[in-house]
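# how would this look folded up:
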Amino acid sequence: MLRLLKITAGGALAFALLLALATRWPRQEVAAPAETERQVQVPIAIRTDPVVVTKVTLGDSVVQAGRFIQHSTTDPITGFQADGDWVQNLTIYLLNRTYRNIVFVTLNLGFPETGDGHTTPQRTFTLQLGRIPKEAPAGQRPQPPGWRPILFRAHQTLAIHLGDYIERIRSDVEQRIPLAVATKLAVHLSPFFFDNGMEWYAGAYAVPDPDDPGKVRHLDRNYFPGDLDLYWPGRPGWDGQ
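Just a heads-up that it's a prediction; the model follows:
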């Protein structure tokens with residue numbers, strides 16, 4: 001005979017409290033408040049990159065220096081100790097090496113532990129700042145009203161505080177894992193748009209094609225809108241930012 005469990009009003013309340021504790025306990029268990037080793041993987045810049053990561057800080061401490069192409073050595077990725085709130089306390093510093101003002105910035109933040117990159121894609125949070133100029137073909141399409149104009153001036157440093165976007169980052173990453181247990185963050189740059197409509201994407205520059213409206217003309221792979229001998233480690237203008 002099937003036996004039914006009869007729950008009184010008081011029993012129902014107790015059961016609800018137990019259920020709430022049971023469902024909350026796993027999140028407390030994986031919050032990872034203790035310090036553990038983390039790392040920020042920043043891209044290796046090449047000489048024609050318009051924007052480079054100069055450093056990443058955790059609070060007031062530099063935890064990752066910029067990485068730049070060299071002949072025989074590779075700048076390392078350095079690990080550091082941090083607690084579960086590490087992502088929101090990071091600041092990424094970008095330097096505009098060119099002679100032109102940038103009006104649209106894209107910062108892609110990948111979390112390698114959210115997937116294998118093959119059968120399970122990794123979660124990547126895309127942060128877009130500014131508005132694409134109307135001179136660029138892409139700028140002639142509707143843009144989200146929340147994209148507010150920015151002016152990332154020539155030779156200026158832009159500090160991006162991830163804490164300003166932490167709820168959006170957490171909402172994206174926690175579709176796979178709690179943000180507190182992530183130990184790796186991979187930073188990727190591009191696309192960027194300049195005030196004249198020029199675009200930099202995947203290591204190459206393109207400008208609006210005057211002979212074919214709505215299209216772009218790709219520039220030579222060695223093109224750089226500035227002086228390659230300035231604002232590079234060991235070169236004039238570089239101050240170890």
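# which sections of this structure are below the confidence cut-off?
Residues of the chain meeting the criterion pLDDT under 70: 1-33, 240-241.
# Give me the residue at the spatial middle of it.
The C-alpha lying nearest the average C-alpha coordinate of the chain belongs to L109 (Cα atoms, centre = their mean; 3.2 Å).
# quick one: which helix or strand includes that one?
Assigning secondary structure by DSSP states H and E places L109 in strand 102-111.
# downstream neighbour of that strand in the secondary structure list?
strand 123-130.
# So what touches that following strand?
Outside of strand 123-130, the residues within contact range by Cβ atoms under 8 Å, 6 or more residues apart in numbering are 102-111, 114-115, 147-150, 152, 160, 165, 168-169, 172-173, 175-176, 188, 193. (Glycine included, C-beta is placed from N, CA and C.)
# Ok, stretch 173-185 next?
Applying Cβ under 8 Å, 6+ apart, the contact partners of stretch 173-185 are 27, 30-33, 36-41, 84-85, 87, 90, 109-115, 123, 125, 169-170.
# quick one: that stretch to chain centroid distance?
14 Å (Cα atoms, centre = their mean, to the nearest Å).
# Output the strand holding L109 as CSV - backbone C-alpha positions only.
C-alpha atoms of strand 102-111 as CSV (Å, rounded to 0.1, in the frame of the first residue of the first chain):
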residue,chain,number,x,y,z
ILE,A,102,40.1,56.0,-30.5
VAL,A,103,36.4,56.2,-30.0
PHE,A,104,35.4,52.5,-29.6
VAL,A,105,37.2,49.9,-27.5
THR,A,106,36.6,46.1,-27.3
LEU,A,107,37.9,44.1,-24.4
ASN,A,108,37.2,40.4,-24.5
LEU,A,109,37.6,38.6,-21.1
GLY,A,110,37.8,34.8,-21.5
PHE,A,111,37.6,32.3,-18.7
